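coords below, sequence missing:
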């Protein structure tokens, strides 16, 4: 079993967790009734988190 040369912070687990948090933040921004600017950026945030999740799912464990 070889050790990965990737830094621990850039491995799949932590990065997938970060991507899921970005997706959750985007959904929260979409559903909140307080600030229009948050609603405006919610789709972009959710899309960024989804693309990030697809990319980091290819990272090594």
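That came in fine, so what should we check first? What you see is a predicted model; the values in this text were computed from it and never measured.

mind listing what the residue most central in space within the chain touches?
Nearest to the mean C-alpha position of the chain, counting by Cα atoms, centre = their mean, stands residue 19 at 1.6 Å. Counting by Cβ atoms under 8 Å, 6 or more residues apart in numbering, residue 19 touches 49-50, 52-53, 56. C-beta here means a position set from N, CA and C on the backbone, and glycine is covered the same way.

any idea which of the residues you listed is closest to residue 38?
Taking Cβ to Cβ as the measure, residue 38 lies nearest residue 49 of the contacts of residue 19, at 14.7 Å.

and the closest one, how far from residue 55?
11 Å (Cβ to Cβ, to the nearest Å).

repeat that for residue 35.
29 Å.

then residue 30?
22 Å.

which one of those two has more residues nearby?
Just comparing residue 30 and residue 55: by other Cβ atoms under 10 Å the higher neighbour count belongs to residue 30, 14 against 11.

which element is the more buried one on?
If you go by DSSP states H and E, residue 30 is part of helix 12-31.

after that helix, next one along is what?
helix 36-56.

show residues contacting that following helix.
Contacts for helix 36-56 (Cβ under 8 Å, 6+ apart): 12, 15-16, 18-27, 29-30, 32.
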